[in-house]
Each structure stands twice: as structure tokens, then as C-alpha cells.
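Enquirer: coords below, sequence missing:
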């Protein structure tokens, strides 16, 4: 797989104009995600109301893969039940482990990151926002 395929248009789109990239002052939960090897340092902000994610955002500095993953994840989180998030994270990790598996329809655009699984160092980048979100909750 070429790097051109890895950084496909959806990833580049989210890297150029990341969604939900701001500190959320009314967050009920937040956690830092740090990858000391590559320098990614982010914080995920989540506001939970009645067992659902009312809104999510992220802040910090990160590579293209982490930025795209955080952008896609925070889009996806909004409106989700809190108990849906950990199983979705496991499903996403499974997609990174087996890029021949069918898309996880429930993950939407996040499926665009599945090719990252072929690059072990980039796999960590794709998972970092998920780990931070789970730690926050």
C-alpha cells in the first residue's frame, strides 16, 4: 500500500479542516492522550447529559492521522449513548487488525482510517483519540 492510499482524501480533508477542534469549557469529562514517541499531545472533551454524549471536541497538536481520527471521532460521538463507545472502540481496533473485514457501518467515516492498520506506528495514532475518550469516560 502506498502512502498516497494511506492518506486518502477523507483523512486529508479532516487534517486540513479538523472538526470540533476547540477546548470545551462546559465539558463534564476530559482526558489527555499523549504519544511520546511521535509527539502527539491531545485532550478530548466530552459533555454527557442523561447517559448520552451531548457534544465532543478535542484540542492539541497531532499528526495527520491523529488529527483525522480525533475529528472523525468527535463527530461520531455526538448523540451516542455512553455505553456504545467502548464496544465501538473495540470494533475500530478490530478493523485496524484486519483490513479485509467489511466496514463497520455504524462507524461511518471512521472506516476511512482502517488502512492505517497496515502501518504499526500509525495504528497508535488512529487509536489515541479513542483511548483518550475512553479514559475521559
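Expert: Cool, got the structure. As the structure is a prediction and not an experimental result, all values here were calculated from the model. Residues are numbered from 1 along each chain as shown.
Enquirer: who's in contact with the residue of the chain most remote from its centre?
Expert: Residue farthest from the centre of the chain, counting by CA atoms, centre = their mean, is residue 50 at 22.8 Å. By CB atoms under 8 Å, 6 or more residues apart in numbering, the contact list for residue 50 is empty. Where C-beta positions appear, they are placed from N, C-alpha and C, glycine not excepted.
Enquirer: do you know how far it is from residue 81?
Expert: 10 Å (CB to CB, to the nearest Å).
Enquirer: now swap in residue 43 and tell me
Expert: Residue 43 is 23 Å from residue 81, by CB to CB.
Enquirer: quick check, residue 48 in a strand?
Expert: Yes - under DSSP: H, G, I helix; E, B strand; the rest coil, residue 48 sits within a strand.
Enquirer: and residue 73, how many residues sit next to it?
Expert: Residue 73 has 28 neighbours, counted by other CB atoms under 10 Å.
Enquirer: what do you get for the one 4 residues further on?
Expert: Residue 77 is surrounded by 26 other residues when neighbours are defined as other CB under 10 Å.
Enquirer: In the helix or strand where residue 45 lies, which residues are buried?
Expert: Using DSSP states H and E, residue 45 maps to strand 40-49. Within strand 40-49, the residues scored as buried using 16 or more other CB atoms under 10 Å are 40-48.
Enquirer: Whichever helix or strand comes after that strand vs strand 40-49, what angle?
Expert: Sequence-wise, the next helix or strand downstream of strand 40-49 (DSSP H and E) is strand 52-61. Calculated by axes from the mean of the first three to the mean of the last three CA atoms, to 10 degrees, strand 52-61 forms an angle of 160 degrees with strand 40-49.
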